[in-house]
Structure formats: C-alpha cells, structure tokens
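> take this sequence and fold it.
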Amino acid sequence: MAVTESALPAQPAAQEGILRRQSLRESAARTYARALPIVPVRARGLTIEGADGRRYLDCLSGAGTLALGHNHPVVLEAIRKVLDSGAPLHVLDLATPVKDAFTTELFATLPPRLADNARIQFCGPAGTDAVEAAIKLVRTATGHSGLLAFTGAYHGMTAGALAVSGGATEARATRLPYPQNYRCPFGIGGERGAELAARWTESLLDDPKGGVPAPAGLILEPVQGEGGVIPAPDAWMRRMREITAARSIPLIADEVQTGVGRTGAFWAVEHSGIVPDVMVMSKAIGGSLPLAVIVYHSDLDTWQPGAHAGTFRGNQLAMAAGAATLAYVREHRLAERAATLGARMIGRLQGLAATHPCIGDVRGRGLMIGVELVDPDTDDPGAAAPPPAPALAAAVQQECLRRGLIVELGGRHAGVVRLLPPLTLTDEQAAAVLDRFADALAAAEGSPHHRHATGPSY
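Residues are numbered from 1 along each chain as shown. The predicted model follows:
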C-alpha cells in the first residue's frame, strides 16, 4: 500500500465530536489516546486511516501486537473461516480443533529442548494475566514465594505483574541490575558492565546475609521494551541461565513483546541459545486479537485443576488468527527479514545521531528500535551520559504525528522514541518512516516548548 496521504473525504467535525466524548466519558487512566488524538476508521498493513481523512504510518503496531500489520489477508481469512464454520466462539478451556491447530503451530516454533517437554496454560486474554500465571506456577512448583526481577522491567499492570516491574512502589521482589551500555548502573557498560551485573546477582543469591527470600523464580525480558528498548547481552543471558540452573531457580522469559520474530529471531531467547523454564507469550501470538499463554517445562506442572483459570481463556478467533500469523512469520522468514531491515534502520538512525547531538543513543534488536533523546547542553562532567529529554521526546512524537507517523515513547523518563513497525514493513515504507522521523526531529529541536524541561540526571 502506498505511503502517501489519502484523499479520503475528510470528516473533521465527526472526529472532533468522538474525541470530545471520549475525553468526557473515559477514565483518567487512558494513555495512548492522550498523545495520539486520532480516530482510526480503516487500517491495512502499516497504514491507519483516520476519521479526518488523514493517513498515518503506524510504528506502534498495537504496542508490538501486530506482527503482520493491520488486517493482513491471512488473518482475516482465518477469522472468517471460523465464523463461517459455525464453531462455538466461547468454549472456556475445552479442547477444539482450532485450539489444537494453534498449539501445534506454536510448539513448532519453540526451542526444541522446551517443546519436547512442554505444557501450555491458556490464560486470560492479556499478557499481564500470563505473568500472574507464571508467578503462580513457579511458586507452586518450588514451594517458595520470593521473586527475582530487574530494574527497568515491565511485566504488566495487575498486582503480581506490577510487583516485578520497575515501577513497583512496594518491595515485593528482589531487584537486580539489568545491564545496559548507555546508562550502565556501574558506569562501565559493555561486556565488563554486564559481567558485574551478573556477578552482583550471583553474589546476592549466595550471601547468607543478603536478605533474599528463597526465590520461586527469576523473571526477565530479553529486550526491555517499556524500560527503553534495552537488549540484554547474549553472554549475560547465558550467565542468568547458568546461575538459575545451578540453584534450581526457574527462569521465566517474558516474550510478550519480543516474540514472533520481532527481534530478528522467532523468540528473543534464541539469540543467546538459552532455554528458559517458562515462556510468557501474548500480543502477536493472537494475530491482533486477545490471547495469552505460558509454556513451561513439564517438571513444573504440579498445580491443581483450577489453580489458574479465566472465563475468556478460549478465544477461538484469536487462536485461529494466531495460528495463521505464526505460520506466516515462520514460512516467510519474517524474523530474518526483521533482523536485516532493523539493522539497516538502526544504522541510518545512528548516522542521524552524528548531526543531532540530542540523540544520545540508538539501540534495539530487529524491528524493536529505540532512540534515546537527551539534553546535550547540560554541563555535568560527573555524569556518564547527558540527562534524558522527555519534553523533547514528546515534541518529536507530536511532530511525527503531524507528518503522519505514529510512534511510542518509553524509557525511564519517557525520553526514548520507540519504533515497532510490523514485520511486513517494506524497504520503501522503512525509508518513509525514517524520513518523517528525521523531519520531525529537526522541527522539534527548533521548538521552544521542549527546552529547560529535561528529566533528572542519573
């Protein structure tokens, strides 16, 4: 589909009315709608068409949900097939041909050493419920209640998932350092910084005075998304696997956003070659519809019937759409495509950083890309990196929107512009995305609104 703006009949009055009623009737907790005041009425692939007649290139992709973009033909065909068959749409956790086909396709994509001895639990339709299930599973299997999690993590918005996320306000999990180059907690970065992070974890677990409750499990993201698009080093991932295996601590990999080819491998753990004990999956596995599961080693399958349940854990349409998506990504080698195109896009963004000092860092893996914006004029010789610039990031997001490009913000202080385009992104579309981003960055830099409003220094 072309990436130029559409000549759809404009209905600005209708859009304004819908947005006004939304602001009056929806809760103060709404998020995306605040920064993206658009009313989508049609979508296909990378493109969203608004009620005002404008077209947008969608690099949010449902926060990573839309591996194939909007309304991909194979997804629509799979949904129609179920609807036309007369199959029940609500089945609780009963076995169905649709579920059997989905599970078979999902297991075919897993690391073989996990798939050969795996069990699957269908959860409530959101990733956060799958995180809750994973926590419950390892606590049941080990008899322990302690949890190990990482700074900067994001695992969901329900109580247990929030407790292991970076923004937790209560100390219900032991917090460990997550390695990163740009803002290394040890001020070193690179392989040495990652090794120190691993050594800290090992030392804390083995210290009888470390104050760590017996852990039921350790949960991590192979790439921290909401934390600022921070890929975990492969060597560090292997060390986490060694440390947990040696101490019989189940390792939980949260692949909710990183899965189904997003990072350039079908599952992000494949980059390091590790096999976790539990994998948490949602978003793209449902082919744009709500679906969440955990897959885990059969040795952990010790809970009782009903130990984790939910009325909407049998979403037949999502399973059909998900199976079609998984098969399409696998058969068309879209993970490899994401690796190649993502590296090219990161390279061009790094080139942009050479002429824009406000770009502090460009990082990512595959088509999970982050651009951290900073205030380069802050004079703090003791700081390892300039402070983040959340106001500038917000200005860039708005300038992108004006140019028909939808992007997300993330990072510790919302200073990272995030790109999560569909895996079906063409070379032409990728060029258009980067052109619009570059124009938006230049416009935002010249705006007075972002100045003198940086985040706290590290």
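
> any idea how far P177 is from D299?
Distance of D299 to P177, given as CB to CB, to the nearest Å: 29 Å. From N, CA and C alone the C-beta is placed, and that goes for glycine too.

> ok, the two, which is more surrounded?
A side-by-side neighbour count of D299 and P177, using other CB atoms under 10 Å, places P177 first with 19 against 11.

> contacts for whichever strand or helix holds A431?
Using DSSP states H and E, A431 sits within helix 427-445. With CB atoms under 8 Å, 6 or more residues apart in numbering as the test, helix 427-445 has contacts from 3, 46, 57, 59, 341, 344-345, 348-349, 352, 356, 358-359, 371, 392, 395-396, 398-400, 402-405, 407, 417, 419, 421, 425, 450.

> again, but for stretch 159-173
Here stretch 159-173 has contacts from 128, 131-132, 135-136, 146-156, 219, 227, 412, using CB under 8 Å, 6+ apart.

> list the buried residues for that stretch?
For stretch 159-173, the neighbour count (16 or more other CB atoms under 10 Å) marks G160, A161, L162, A163, V164, S165, G166, A168, A173 as buried.

> now these in TSV, with distance to N315, pLDDT and secondary structure?
Formatted as TSV, these follow (distance: CB to CB, whole Å; pLDDT from 0 to 100; DSSP: H, G, I helix; E, B strand; the rest coil):
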residue	distance to N315	pLDDT	secondary structure
G160	22	85	helix
A161	20	86	helix
L162	24	82	helix
A163	26	86	helix
V164	25	85	coil
S165	25	84	coil
G166	29	81	coil
A168	29	71	coil
A173	30	89	coil
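
> now for these, which pair is the farthest apart?
The span of those, defined through CB to CB, is set by G160 and G166 at 14.7 Å.

> look up how far A391 lies from S447.
For S447, the distance to A391 - CB to CB - is 10 Å.

> select only the buried ones of the contacts of stretch 159-173 in PyMOL?
To isolate the buried members of the contacts of stretch 159-173 in PyMOL, using 16+ other CB under 10 Å:
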select buried, resi 128+131+132+135+136+146+147+148+149+150+152+153+154+155+156+219+227+412
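
> in helices, which of the contacts of stretch 159-173 fall?
Counted as lying in helices by DSSP state H, out of those, are T128, V131, E132, I135, K136.

> from these, which single one is nearest I294?
Looking across these and measuring by CB to CB, the closest to I294 is V131, at 8.5 Å.

> now do the helices in the stretch 301-450 of the chain.
For the stretch 301-450 of the chain, the helices defined by DSSP state H, counting those that start in this stretch occupy 316-331, 334-353, 390-402, 427-445.

> make TSV from those and add mean pLDDT and distance to A232 to it.
Below are the helices of the stretch 301-450 of the chain laid out as TSV (pLDDT from 0 to 100; distance: least, CB to CB, whole Å):
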stretch	mean pLDDT	distance to A232
helix 316-331	98	22
helix 334-353	98	16
helix 390-402	97	23
helix 427-445	97	25
